[in-house]
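Engineer: fold the following, please.
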Amino acid sequence: MRLLGWTALIMIVLVSIVFWWTRTVEVVDETYSGVEVQLGPNDTTHAKQVDIHIDGEFKHDMFSKESFTGSITIDGEKHPSDASNTDELTVTFEKEGFTDGNIEYINREQDRITTVGYLNMSDDLSELTIQIMQDRSSKDGPRVTSWTSDDGIIISAPANNGDEAISIANRVMQPVLHDIELK
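Structural biologist: Numbers count the residues shown, from 1 in each chain. As a prediction, the model looks like this:
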């Protein structure tokens, strides 16, 4: 009986060590210089320089999806905003690695959920693309936001022009896009 108790204790300790060892947390306080561009024919010439500041922690545990907790500031607009009911944004990535993370939070001032878009990052966090959600609501209908690969807006960094932004987006969004190539 005593041997069984020691064996169970050793197994619990070993499992705990493995779980803790595979858990990674990377603290990021980084400003990226990027480019905002609307996809579609000949739209890369309408590129706009944008700064993205990411301040928080990227986490990965053995039994959970990758996540980010902190704040994201896009061209001077902080998310979550001061009007939200939280000081931190939590983004859970739905695909492999740091891909397809929904950036949204509750905005108390406007009494609605604010959806910014989807965050996609390279595994080493050196490149990013944000798919910006666009309001596609009809005048009298419900509020609808969406993003399409045909005419959606992206912000990619680090980039100096629209072509670089699209190239980064194609690379970091590959698990989401599959065989689609952004243009």
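Engineer: in the lengthiest strand in the chain, what's buried?
Structural biologist: As assigned by DSSP state E, the longest strand anywhere in the chain is strand 24-38. By neighbour count with 16 or more other CB atoms under 10 Å, strand 24-38 contains the buried residues Y32, G34, V35, E36, V37, Q38. For every residue, glycine as well, the C-beta is placed using N, CA and C.
Engineer: any idea which helix is longest in the protein?
Structural biologist: helix 2-22 (DSSP state H).
Engineer: give the rounded mean pLDDT of it.
Structural biologist: What helix 2-22 shows for mean pLDDT is 76.
Engineer: start at 55 instead
Structural biologist: Okay, residue one is now 55; in that scheme the one you just asked about reads as helix 56-76.
Engineer: ok, the residue nearest the centre of the chain - contacts?
Structural biologist: Nearest to the mean C-alpha position of the chain, by CA atoms, centre = their mean, lies L173 at 2.3 Å. Taking CB atoms under 8 Å, 6 or more residues apart in numbering, we find L173 in contact with F122, I126, V145, F147, F152, G155, N156, I157, L182, T183, I184.
Engineer: tell me the SS of the residue lying closest to it once chain neighbours are set aside?
Structural biologist: Nearest residue to L173, sequence neighbours excluded (CB to CB, 6 or more residues apart in numbering): G155, at 4.3 Å. Three-state assignment for G155 (DSSP: H, G, I helix; E, B strand; the rest coil): strand.
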